[in-house]
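J.: Show me how the following folds:
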Amino acid sequence: MKTLFIHAKINSEIDKSKINSISNKLPKNIAIAYSIQYQEIAKEIKKILSKNHKITKFVQVLGCSHPVFSKSTKAILLISSGKFHAVSLAFETKLPVYVLENNYLTQISKKEIEIFEQKQKASYVKFLNSNKIGILISTKPGQQNLKKAMDLKKTIKNKNSYLFLCNNININEFENFEIDSWINTACRRMDLNDNSIINMDKIK
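T.: Model prediction:
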(Lines give C-alpha, C1' and ligand atoms only; values in the text may rest on other atoms or scores of the structure.)
Protein backbone atom coordinates (compact mmCIF):
# COMPACT_ATOMS: atom_id res chain seq x y z
CA MET A 1 0.00 0.00 0.00
CA LYS A 2 1.36 3.41 -1.00
CA THR A 3 1.39 6.32 1.41
CA LEU A 4 0.73 9.84 0.16
CA PHE A 5 2.15 12.70 2.23
CA ILE A 6 0.44 16.07 1.67
CA HIS A 7 1.96 19.15 3.31
CA ALA A 8 -0.50 21.29 5.22
CA LYS A 9 -0.16 25.05 4.77
CA ILE A 10 -1.10 27.46 7.53
CA ASN A 11 -3.53 30.23 6.61
CA SER A 12 -1.64 33.30 7.76
CA GLU A 13 -0.17 36.50 6.34
CA ILE A 14 3.06 38.31 7.11
CA ASP A 15 3.02 41.83 8.51
CA LYS A 16 6.20 43.20 6.92
CA SER A 17 6.32 46.23 9.23
CA LYS A 18 6.32 43.92 12.27
CA ILE A 19 9.00 41.69 10.76
CA ASN A 20 11.20 44.73 10.15
CA SER A 21 10.64 45.79 13.76
CA ILE A 22 11.47 42.29 15.01
CA SER A 23 14.67 42.37 12.96
CA ASN A 24 16.16 44.94 15.35
CA LYS A 25 15.78 42.52 18.27
CA LEU A 26 17.76 39.72 16.61
CA PRO A 27 21.55 39.21 16.34
CA LYS A 28 23.17 39.72 12.93
CA ASN A 29 23.97 36.01 12.43
CA ILE A 30 20.86 33.90 12.81
CA ALA A 31 19.57 30.52 11.74
CA ILE A 32 15.96 30.15 10.64
CA ALA A 33 14.07 26.95 11.47
CA TYR A 34 10.46 26.20 10.65
CA SER A 35 7.83 23.48 10.85
CA ILE A 36 6.50 22.30 7.50
CA GLN A 37 3.17 24.14 7.57
CA TYR A 38 5.11 27.42 7.90
CA GLN A 39 7.51 26.76 5.02
CA GLU A 40 6.15 29.40 2.61
CA ILE A 41 5.98 32.02 5.37
CA ALA A 42 9.53 31.15 6.43
CA LYS A 43 10.79 31.74 2.88
CA GLU A 44 9.22 35.21 2.82
CA ILE A 45 10.63 36.08 6.24
CA LYS A 46 14.07 34.89 5.14
CA LYS A 47 13.98 37.34 2.21
CA ILE A 48 13.08 40.22 4.53
CA LEU A 49 15.66 39.41 7.21
CA SER A 50 18.44 38.72 4.69
CA LYS A 51 18.67 42.47 4.07
CA ASN A 52 20.14 43.11 7.54
CA HIS A 53 21.11 39.63 8.75
CA LYS A 54 23.33 36.77 7.71
CA ILE A 55 21.20 33.62 7.57
CA THR A 56 23.58 30.85 8.65
CA LYS A 57 21.06 28.02 8.16
CA PHE A 58 17.53 27.58 6.81
CA VAL A 59 16.08 24.28 7.94
CA GLN A 60 12.83 22.43 8.56
CA VAL A 61 12.47 20.91 12.02
CA LEU A 62 10.76 17.61 12.74
CA GLY A 63 10.16 15.74 15.95
CA CYS A 64 12.86 13.24 14.98
CA SER A 65 15.37 15.76 13.59
CA HIS A 66 18.53 17.00 15.27
CA PRO A 67 19.81 19.97 13.23
CA VAL A 68 23.39 21.15 13.65
CA PHE A 69 24.21 24.86 13.50
CA SER A 70 27.51 26.54 12.66
CA LYS A 71 29.63 28.31 15.26
CA SER A 72 28.85 31.64 13.62
CA THR A 73 25.17 31.26 14.55
CA LYS A 74 24.28 33.58 17.43
CA ALA A 75 20.56 32.72 17.72
CA ILE A 76 17.82 30.61 16.18
CA LEU A 77 14.55 32.03 14.89
CA LEU A 78 11.89 29.33 14.93
CA ILE A 79 8.83 29.98 12.79
CA SER A 80 6.23 27.66 14.24
CA SER A 81 3.43 27.37 16.78
CA GLY A 82 3.86 26.47 20.43
CA LYS A 83 7.13 25.59 22.16
CA PHE A 84 7.37 21.88 21.35
CA HIS A 85 10.50 22.28 19.20
CA ALA A 86 11.74 25.55 20.67
CA VAL A 87 12.60 24.42 24.20
CA SER A 88 14.35 21.32 22.93
CA LEU A 89 16.37 23.37 20.42
CA ALA A 90 17.41 25.81 23.14
CA PHE A 91 18.48 22.97 25.43
CA GLU A 92 20.41 21.06 22.78
CA THR A 93 22.16 23.97 21.05
CA LYS A 94 22.67 26.29 24.07
CA LEU A 95 21.74 29.16 21.73
CA PRO A 96 19.07 31.83 22.27
CA VAL A 97 15.88 30.62 20.58
CA TYR A 98 13.19 33.03 19.44
CA VAL A 99 9.72 31.84 18.38
CA LEU A 100 7.84 33.80 15.74
CA GLU A 101 4.12 33.03 15.68
CA ASN A 102 1.42 35.23 14.17
CA ASN A 103 3.95 38.04 13.71
CA TYR A 104 4.77 38.09 17.45
CA LEU A 105 8.23 37.30 18.79
CA THR A 106 8.95 35.54 22.09
CA GLN A 107 12.17 34.14 23.49
CA ILE A 108 12.60 30.84 25.30
CA SER A 109 13.50 31.73 28.88
CA LYS A 110 16.22 30.27 31.08
CA LYS A 111 13.50 29.04 33.42
CA GLU A 112 11.89 26.99 30.64
CA ILE A 113 15.26 25.45 29.80
CA GLU A 114 15.94 24.68 33.48
CA ILE A 115 12.58 22.91 33.83
CA PHE A 116 13.33 20.84 30.73
CA GLU A 117 16.79 19.97 32.06
CA GLN A 118 15.30 18.90 35.40
CA LYS A 119 12.85 16.63 33.56
CA GLN A 120 15.77 15.09 31.67
CA LYS A 121 17.62 14.36 34.91
CA ALA A 122 14.48 12.93 36.53
CA SER A 123 13.94 10.62 33.54
CA TYR A 124 17.52 9.36 33.77
CA VAL A 125 17.29 8.71 37.53
CA LYS A 126 14.01 6.86 36.96
CA PHE A 127 15.72 4.71 34.33
CA LEU A 128 18.62 3.87 36.67
CA ASN A 129 16.22 2.78 39.42
CA SER A 130 13.89 0.79 37.15
CA ASN A 131 13.73 -2.99 36.83
CA LYS A 132 11.39 -3.27 33.84
CA ILE A 133 12.37 -1.29 30.77
CA GLY A 134 10.30 -0.76 27.62
CA ILE A 135 12.15 0.13 24.40
CA LEU A 136 9.90 2.11 22.03
CA ILE A 137 10.32 1.50 18.30
CA SER A 138 8.40 3.25 15.52
CA THR A 139 7.81 1.81 12.04
CA LYS A 140 7.47 5.30 10.53
CA PRO A 141 10.04 6.34 7.88
CA GLY A 142 12.67 8.60 9.42
CA GLN A 143 11.90 7.37 12.94
CA GLN A 144 12.53 3.65 12.55
CA ASN A 145 15.58 2.48 14.51
CA LEU A 146 14.88 -1.22 14.95
CA LYS A 147 18.49 -2.37 14.70
CA LYS A 148 19.71 0.26 17.17
CA ALA A 149 16.91 -0.72 19.56
CA MET A 150 17.83 -4.41 19.35
CA ASP A 151 21.51 -3.61 19.91
CA LEU A 152 20.56 -1.42 22.86
CA LYS A 153 18.54 -4.24 24.40
CA LYS A 154 21.64 -6.44 24.38
CA THR A 155 23.66 -3.83 26.28
CA ILE A 156 21.15 -3.35 29.11
CA LYS A 157 22.29 -5.53 31.99
CA ASN A 158 20.59 -6.36 35.31
CA LYS A 159 17.23 -5.12 34.00
CA ASN A 160 14.33 -6.81 32.23
CA SER A 161 13.91 -5.06 28.88
CA TYR A 162 11.14 -5.48 26.31
CA LEU A 163 10.75 -4.22 22.72
CA PHE A 164 7.55 -2.36 21.79
CA LEU A 165 7.10 -1.96 18.02
CA CYS A 166 4.24 0.11 16.55
CA ASN A 167 3.40 2.78 13.99
CA ASN A 168 1.81 5.38 16.28
CA ILE A 169 3.19 5.55 19.81
CA ASN A 170 0.45 6.56 22.22
CA ILE A 171 1.74 7.41 25.70
CA ASN A 172 -1.80 7.00 27.06
CA GLU A 173 -1.40 3.26 26.48
CA PHE A 174 1.67 3.02 28.75
CA GLU A 175 -0.44 2.37 31.82
CA ASN A 176 -1.56 -0.93 30.27
CA PHE A 177 1.95 -2.35 30.78
CA GLU A 178 3.90 -2.85 33.99
CA ILE A 179 6.90 -0.91 32.73
CA ASP A 180 8.93 1.36 35.03
CA SER A 181 10.84 3.35 32.42
CA TRP A 182 10.65 3.78 28.63
CA ILE A 183 13.59 4.24 26.27
CA ASN A 184 12.63 6.18 23.16
CA THR A 185 14.28 5.31 19.83
CA ALA A 186 11.70 7.18 17.69
CA CYS A 187 10.71 10.87 17.76
CA ARG A 188 13.32 12.74 19.83
CA ARG A 189 10.77 15.22 21.15
CA MET A 190 8.65 12.53 22.82
CA ASP A 191 10.57 13.00 26.05
CA LEU A 192 8.80 16.35 26.44
CA ASN A 193 5.53 14.55 27.09
CA ASP A 194 6.30 12.14 29.93
CA ASN A 195 8.95 11.93 32.69
CA SER A 196 9.08 8.16 32.32
CA ILE A 197 10.52 8.52 28.77
CA ILE A 198 14.23 8.95 28.09
CA ASN A 199 15.83 9.22 24.67
CA MET A 200 18.16 6.47 23.55
CA ASP A 201 21.16 8.82 23.21
CA LYS A 202 20.85 9.82 26.89
CA ILE A 203 21.58 6.28 28.10
CA LYS A 204 25.17 5.97 29.25
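
J.: For this structure, which segments count as helices?
T.: 16-23, 39-49, 84-93, 110-128, 146-155 (DSSP state H).

J.: now the longest one against helix 84-93, angle please.
T.: Here helix 110-128 runs at 80 degrees with respect to helix 84-93, directions being taken by axes from the mean of the first three to the mean of the last three CA atoms, to 10 degrees.

J.: worst average pLDDT in the helices of the chain?
T.: For those, mean pLDDT drops lowest on helix 84-93, to a mean of 86.

J.: where do the strands sit along the chain?
T.: Assigned by DSSP state E, the chain shows strands spanning 29-34, 54-60, 75-79, 97-101, 104-107, 132-138, 160-166, 181-184, 197-199.

J.: circling back to that earlier point, which one of the helices of the chain has the most crowded surroundings?
T.: helix 84-93 (a mean of 20; mean count of other CB atoms under 10 Å). Just so you know, the C-beta spots here come from the backbone N, C-alpha and C atoms, and that holds for glycine as well.

J.: can you redo the strands of the chain as JSON lines with mean neighbour count and distance to Phe91?
T.: Below are the strands of the chain laid out as JSON lines (neighbours: other CB atoms under 10 Å; distance: least, CB to CB, whole Å):
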{"stretch": "strand 29-34", "mean neighbour count": "22", "distance to Phe91": "14"}
{"stretch": "strand 54-60", "mean neighbour count": "15", "distance to Phe91": "17"}
{"stretch": "strand 75-79", "mean neighbour count": "24", "distance to Phe91": "12"}
{"stretch": "strand 97-101", "mean neighbour count": "22", "distance to Phe91": "9"}
{"stretch": "strand 104-107", "mean neighbour count": "13", "distance to Phe91": "14"}
{"stretch": "strand 132-138", "mean neighbour count": "21", "distance to Phe91": "21"}
{"stretch": "strand 160-166", "mean neighbour count": "14", "distance to Phe91": "26"}
{"stretch": "strand 181-184", "mean neighbour count": "24", "distance to Phe91": "16"}
{"stretch": "strand 197-199", "mean neighbour count": "22", "distance to Phe91": "12"}
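
J.: And those, which one averages the lowest pLDDT?
T.: With a mean of 88, strand 197-199 has the lowest mean pLDDT of the strands of the chain.

J.: List the neighbours of that strand that are in contact with it.
T.: 120, 123-124, 126-127, 136, 171, 181-184, 188, 190-191 (CB atoms under 8 Å, 6 or more residues apart in numbering).
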